[in-house]
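**Student:** predicted structure and sequence below. I'll ask about it afterward.
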Amino acid sequence: MCMSNKQVLWGSLFLIAINHVPSALACEASALTIQSVSSKSQYDVFSAGTFATINTYRIDANIIGEPCNLSLILQLNDTSRSLKGSNQDKLNFEWSGQIGMPVANQWHLSLTDSQPSATIQMRFPSKQWLASGTYRGLLEVSPSYTSDSKQIEISPSSLPVSVNVPPAAKIHFYGLTQQHYDLDLGTLYSNKVIRSAPNLWVQSNTAYTIVLESSHQGMLRHESNEAKWDIPYQLSLDNDRVNLEQLDAKIQRLSATIGQPIPLSFVIGETENKPGGQYDDTLQISIEPQLSQQP
């Protein structure tokens, strides 16, 4: 009799479902740009405010990934903090912005996926004496690379910038605030020399012309208003004789001045056989800057 043993084999299979979680997106950045958001500005050398003009610029970049931090440096290509005129005169400025901070002559800032743009200003303080003309520079924004961190690869961007300083001139009586001055000529007699008038004070950032207009074309008129009793007089500005017979006499200066005193002197003409009384004339003195300028 044959006997056989039968063995029953049991098996099991465990199925495990695994969800694949993709890795976080790598940081990527592109299209770094800088552009002006303010109109072309002018710098008034006589401005009384804290800043004579302010230029505003916006920096943008396409940033993908979170968290991504794009560190940038904004500066002029010559690494200074001044625009340059045709004679290398310097128009200085200060950096300002809500994002970032000044470091030496640069502005350091960071852009992120949630904040991919920033507004930066170049502020030009008042009371800088500058020759008229256009002051230029080249703004550059580029990624910042440090020894302990790897920066995102992105191409730099640049933008030409300029500020125009228009011709400007001022004239007033030295040491006086009023624009009107009554000069007492005293008792008149022939060839009397009068040097008691206050000096003129002239400021101009370009060549300029002083224009003088006499109400009676260089004559002191009697209180009767009779032209036949007119007494002539001669006016000199800093030893330059002025022909007041012209409707508008002009004295030209070919160079700029930050401040120059100009003395006035008068010589009374013939007074013989003139009636007694009060004689007077009115002089209007103005200044015109040379409007043509080098770019």
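**Tutor:** Received, thanks. Numbers count the residues shown, from 1 in each chain.
**Student:** and the strands in the stretch 101-250 of the chain?
**Tutor:** Secondary structure of the stretch 101-250 of the chain by DSSP state E, counting those that start in this stretch: the strands cover 101-103, 106-112, 117-125, 133-143, 157-165, 169-173, 193-194, 200-204, 208-214, 219-222, 231-237, 240-242, 249-253.
**Student:** S162 and N92: what is the separation?
**Tutor:** Distance, S162 to N92, using CB to CB, to the nearest Å: 15 Å. Every C-beta, even on glycine, is put in place using the N, C-alpha and C of the backbone.
**Student:** bridged to L159, which residues?
**Tutor:** L139 (DSSP bridges).
**Student:** surely it and L138 touch.
**Tutor:** Yes - assessed by CB atoms under 8 Å, L159 is found in contact with L138 at 7.4 Å.
**Student:** buried residues of the helix or strand hosting I34, list them for me.
**Tutor:** In this assignment (DSSP states H and E), I34 forms part of strand 28-36. Residues of strand 28-36 classed as buried by neighbour count (16 or more other CB atoms under 10 Å): A29, L32, I34.
**Student:** again with stretch 213-224
**Tutor:** S214, H216, G218, M219, L220, R221, H222.
**Student:** what residues does it touch?
**Tutor:** 185, 188, 227, 229-235, 243-249, 268, 274-275, 277-284 (CB atoms under 8 Å, 6 or more residues apart in numbering).
**Student:** quick check on S80: phi, psi?
**Tutor:** phi -100, psi -180 (degrees, to the nearest 10).
**Student:** count of neighbours near the spatially closest residue to it that is not a sequence neighbour?
**Tutor:** The spatial neighbour of S80 that comes closest, neighbours along the chain excluded (CB to CB, 6 or more residues apart in numbering), is N105 at 6.0 Å. For N105, the count of nearby residues is 13 (other CB atoms under 10 Å).
**Student:** show me what contacts N105?
**Tutor:** Q75, L76, T79, S80, R81.
**Student:** rebuild these as a markdown table, extending it with secondary structure, pLDDT and distance to S110.
**Tutor:** Listed next are the contacts of N105 as a markdown table, based on DSSP: H, G, I helix; E, B strand; the rest coil; pLDDT from 0 to 100; distance: CB to CB, whole Å:
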| residue | secondary structure | pLDDT | distance to S110 |
| --- | --- | --- | --- |
| Q75 | strand | 97 | 16 |
| L76 | strand | 97 | 20 |
| T79 | coil | 95 | 20 |
| S80 | coil | 97 | 24 |
| R81 | coil | 97 | 21 |
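**Student:** dead centre of this structure: give me the residue that sits there.
**Tutor:** Computing the C-alpha centroid of the chain and ranking residues by CA atoms, centre = their mean puts Y43 first, at 2.7 Å.
**Student:** pretty sure that one sits against A52.
**Tutor:** Yes - if you go by CB under 8 Å, Y43 and A52 touch, sitting 4.9 Å apart.
**Student:** what sits against L139?
**Tutor:** L139 touches I34, Y57, L74, Q75, L76, N77, S158, L159, P160, V161, counting by CB under 8 Å, 6+ apart.
**Student:** what does P102 give?
**Tutor:** E94, W95, H108 are the contacts of P102 under CB under 8 Å, 6+ apart.
**Student:** pLDDT-wise, which helix or strand of the protein ranks last?
**Tutor:** strand 41-42 (a mean of 88; mean pLDDT, DSSP states H and E).
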